[in-house]
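>>> here is my input; please provide its structure:
(one chain, ligands or ions: 2)
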Amino acid sequence: MTDSRDNIYATPREAIDRFAFDDRVAAVFPDMIQRSVPGYSTIVAMTGVMADRYAKAGTRCYDLGCSLGASSFSMAQYLGDRNCTIVAVDNSEAMLTRLTERLQDFPVTVDAVCADIRDIAIENASVVVLNFTLQFLEPETRDTLLDAIYQGMVPGGVLILSEKIRFADDHLQELNTDLHHAFKKSNGYSDLEIAQKRSALENVLQPETIDTHEQRLARAGFSSVDVWFQCFNFASLVAIKS
Ligand SMILES: Nc1ncnc2c1ncn2[C@@H]1O[C@H](C[S@+](CC[C@H]([NH3+])C(=O)[O-])CC(=O)[O-])[C@@H](O)[C@H]1O
Ligand SMILES: O=C(O)C(=O)Cc1ccccc1
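Ligands and ions are numbered 1, 2, ... in the order given. A predicted model of the protein is given here:
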C-alpha cells in the first residue's frame, strides 16, 4: 500500500476546525507524522529495540494511542517468538479501522482496542509505549494515567514516553519552534500549511517541559528516568519501574 500525501492544510480556509483524528487524517497519517516529527522513524525503530530488551515472557506490551500501529509493528518484529501480548489502543475509530485492515496479513497477533486510554485496565505490563499521545490529553488527567500505568507494570518494566515538548526559556522556545517549522518546510510543507495546522492544534496538543514530565514520572514512582532522544521540540523519555 502506498501512503497518501498529506495536503489537508494546503488550501486557504476561512475558519480552522480543531485538529481531530478523523478519517481524513487517518488516510494520510504515515506521511503526516513522518514529515512533521523530527526523529519519528528513529523513535519508532528504537521502541522495538527497547521492547526486545524489556519484554518479559507471559506479559503484555501496550501501545497507547497506537494510531496505525507503527510502534506495535516495531515491537512485533522482536517479540514474535516470545509469549507476549501486544495491546494496541486508540480512541479514533478511523485509525482503528485502518489498523485492523493492516493487521489482516500480519503474522503476529496484536489486540487492537478502540477505547480511551484512560478507561482501560493496564495489567501485567512489561513494556508501555506512549508515543506522541499524552500531549493530546487534558493536562489535569495526565497524572492519573501515569499512576495507572505505573501500577499496571511489572517490576523491571519500561515506559517509553515520546512527546512534543516546550521550553521554559523563551529564547529556546522560539528557536526550537522556528527549527521545527524549518524542518517541516524542508519536508515540503508550505508556510500556509504550517500556519493553518498550527491553529488547528492550538489547545488540542498541549506540550509540557521535560522537567514537568520528569517530575510526573518520579511522582508516579518510576525510579530511573532519562531523555534518550531529543531533536528540537520533540523528545523521548525512558522510565523504569524497579
Ligand atoms: N484519550 C485517548 N485515548 C486513546 N487514544 C487517544 C487519546 N487521545 C488521543 N489518542 C490517539 O493518539 C494518537 C496520537 S498520534 C500517535 C502516533 C503513534 N503512537 C505512532 O507512533 O505512530 C500522534 C500524533 O498525531 O502526533 C491518535 O491516533 C489519537 O487518536
Ligand atoms: O505537525 C506538527 O506541527 C506537530 O506538532 C506534530 C503532529 C504530527 C501529527 C499530528 C499532529 C501533530
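>>> tell me how many other residues crowd V154.
16 (other Cβ atoms under 10 Å). C-beta coordinates here come from the backbone N, C-alpha and C atoms, glycine included.
>>> ok, the closest residue to it other than its chain neighbours - contacts?
Of all residues not flanking V154 in the chain, S126 sits nearest, at 5.4 Å (Cβ to Cβ, 6 or more residues apart in numbering). Taking Cβ atoms under 8 Å, 6 or more residues apart in numbering, we find S126 in contact with Y54, A55, K56, T59, R60, C61, C84, M153, V154, G156, G157, V158.
>>> only the buried subset of those, as a PyMOL command please.
Remark: buried members of these, expressed as a PyMOL selection using 16 or more other Cβ atoms under 10 Å:
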select buried, resi 54+55+56+59+60+61+84+153+154+157+158
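>>> what about V128, is that helix, strand or coil?
strand (DSSP: H, G, I helix; E, B strand; the rest coil).
>>> so who does V238 touch?
M50, V158, L159, I160, L161, V225, D226, W228.
>>> pick out the residue of the chain closest to ligand 2.
Closest approach between the chain and ligand 2, counting by Cβ to the nearest ligand atom: S36, at 3.4 Å.
>>> tell me the pLDDT at the nearest residue to that residue once chain neighbours are set aside?
Computed as Cβ to Cβ, 6+ apart, the closest residue to S36 that is not its neighbour in sequence is K184, at 6.1 Å. On the pLDDT scale, K184 is placed at 98.
>>> can you count the residues close to K184?
20.
>>> so it makes contact with V37?
No. Counting by Cβ atoms under 8 Å, K184 stays clear of V37, with 9.6 Å between them.
>>> how about the residues of the chain by ligand 1?
Contacts of the chain with ligand 1, taken as Cβ under 6 Å from any ligand atom, map to 21, 33, 44, 65-67, 70-71, 89-92, 95, 116-118, 131-133, 136-137.
>>> and the residues you listed near ligand 2, which?
Counting by Cβ under 6 Å from any ligand atom, I33 from the residues of the chain next to ligand 1 sit close to ligand 2.
>>> quick one: buried ones out of the residues of the chain next to ligand 1?
Buried among the residues of the chain next to ligand 1 by 16+ other Cβ under 10 Å: 21, 33, 44, 65-67, 70-71, 89-92, 95, 117, 131-133, 136-137.
>>> quick check: residues of the protein near ligand 2?
Residues of the chain lying near ligand 2 (Cβ under 6 Å from any ligand atom): M32, I33, S36, V37, K164, K197, L201, L205.
>>> isn't the fifth one right next to F232, touching?
It refers to K164. No. Applying Cβ under 8 Å as the test, K164 and F232 come out as separate, 9.4 Å apart.
>>> now do stretch 124-139, average pLDDT.
On average, stretch 124-139 scores 98.
>>> let me fix that: stretch 161-176
For stretch 161-176, the per-residue pLDDT averages 99.
>>> ok, residues contacting that stretch?
Residues outside stretch 161-176 that contact it (Cβ under 8 Å, 6+ apart) are 37, 43, 130-132, 134-135, 205, 207-211, 213, 217, 229-230, 232-239.
>>> where does the protein dip in pLDDT?
Residues of the chain meeting the criterion pLDDT under 70: 1-2.
>>> how about a cut-off of 50?
1 (pLDDT under 50).
>>> mind putting the residues of the chain next to ligand 2 into TSV with secondary structure?
As requested, the residues of the chain next to ligand 2 are arranged in TSV below (three-state DSSP):
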residue	secondary structure
M32	helix
I33	helix
S36	helix
V37	coil
K164	strand
K197	helix
L201	helix
L205	coil
